Structure formats: structure tokens, C-alpha cells
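In: Sequence and predicted structure, then a few things I'm wondering about:
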Amino acid sequence: MGRRRGEALEAAILEAAWDELGERGYANLTFDSVARRAGTSKPVLYRRWPDKQKLVEAAVVRRNVVQSVPPADTGSLRGDLIATLTELGQKQGPFLAQLSLLLADYFIETDSSFAELREMIVAGRRSGRDEIMERAIERGELDPARLTPRIASLPFDLLRGETMMTLRPVAPEVIEEIVDTIFLPLVGRRPAP
């Protein structure tokens, strides 16, 4: 195998960091163990990331980008949300549950939260949530005056909450309840009086 450089080397290091995080957790992850697993040296890691915190953040962001779920385009807001939430629940539910356990010490050390980590993950990328909402506004299904940032994130936040509480994929009937009973009544266009 030839010497890896650039993106190939960085991908190998971040994959090794993710694997080490999965096996050891944040508290026990070291630059030595990541370098050994990636087949490189500690100085190579330190040239890219000043400390364990930044290395782990980069590994989490990379893993999330690799596993990201594109938003569904079914032709309706309800269909888009149900399809997207279902796929997110199946693909990212276990990821989120695992991440919460693996990063407990990270959150304590950095005095941060999942919300702050999520901001790192989505930084510079257009969210699928925004795409779904914009299409619904264009189709006239959603009243933009009623769509605050908190309301736009509500179905996704509820899905994450359900996943974290059950540590299982969210049942289809729960996803439908989130969409039909909670979200759509908040954002739908109201008939003129």
C-alpha cells in the first residue's frame, strides 16, 4: 500500500477515531490509539487537530455527513416528513443513541450539548429540513408566517427525543402522530374567515 496523503489520510484517521470512540468511549480515546489504528503517527494527527476534542468533533461530523439522509420528495409536506423521519429514525436512530453514550465525557469536558454538536455537523450545509419546508411553502401547503425555526425543527426534535428515550427505531404510528397531530396543525394554512 502506498503512502496516503491529503483526503485519503484524513479519512483513514477520522474513521480510526470513530472506531476508537466506539470501542473506548471519549474518555479512553488517545492520539496513540487513533494513530496506531490509522497506521500513521501522532505528529500527523497533531498537525491536523490540536487536541482530542477537535479530532473527535471532526470524526463525528464526518460520520454524520457520510450517513446523512437526503430529504424525501414525495410531492406533499406530509409525505416528505413521514418518509424522511422514517428513514432518519432507521438510519440515524442507533447512531444518535450510540453517540450519546460515547460522548458523555466529551459533553462534560467541553461543557457543551448535543445542540452545539449538531451546529458543527450542519455548519455550511443546507439542511434537509429546510428543503422540505421550502418545497411545502412553494406548493402552498405551509403558511410561512407560522413557521418559526423552533416549529420547523419540531418533528425532527421529537424524533430524536423518541429515539433517545427508547433506543430503538421510532414506530411508524409514532411518526404519523408527530406529523399529523402535532406538526401539521401548527403550520397549515388556515382558511380565510
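Out: Alright, I've got the coordinates.
In: how about the helices of this protein, start to end?
Out: Using DSSP state H, the helices of the chain run over 6-28, 31-38, 42-48, 52-66, 77-91, 93-102, 104-110, 114-122, 128-139, 149-166, 172-177, 184-187.
In: Flag whichever of those helices has the least confidence on average.
Out: Lowest mean pLDDT of the helices of the chain: helix 93-102, a mean of 74.
In: which other residues reach that helix?
Out: 21-22, 25-26, 60, 63-64, 67, 114, 160, 163-164, 167-170 (CB atoms under 8 Å, 6 or more residues apart in numbering). Every residue, glycine included, has its C-beta placed from N, CA and C.
In: switch to 6 Å and redo it
Out: 21, 25, 163, 167, 169 (CB atoms under 6 Å, 6 or more residues apart in numbering).
In: For those, pick the one with the most neighbours.
Out: L21 (24 neighbours; other CB atoms under 10 Å).
In: Break the chain into its domains for me.
Out: Using automatic domain parsing, the domain ranges for the chain come out as 6-64, 69-187.
In: still on that earlier bit, which pair in the contacts of helix 93-102 spans the largest distance?
Out: Taking CB to CB as the measure, the contacts of helix 93-102 span a maximum distance of 23.6 Å, between G25 and P169.
In: separation between V61 and V179?
Out: For V61, the distance to V179 (CB to CB, to the nearest Å) stands at 28 Å.
In: Centroid-nearest residue for the protein?
Out: Nearest to the geometric centre of the chain sits N64, at 5.4 Å (CA atoms, centre = their mean).
In: Can you give me the neighbour number for the residue lying closest to that residue once chain neighbours are set aside?
Out: Leaving out its chain neighbours, the residue that sits closest to N64 by CB to CB, 6 or more residues apart in numbering is I121, at 4.7 Å. By other CB under 10 Å, 17 other residues sit near I121.
In: returning to what we had before: what's the closest of the contacts of helix 93-102 to A35?
Out: Using CB to CB, the contacts of helix 93-102 come closest to A35 at L21, 14.3 Å.
In: for the closest one, what are its contacts?
Out: For L21, the contact set (CB under 6 Å, 6+ apart) comprises 29, 102.
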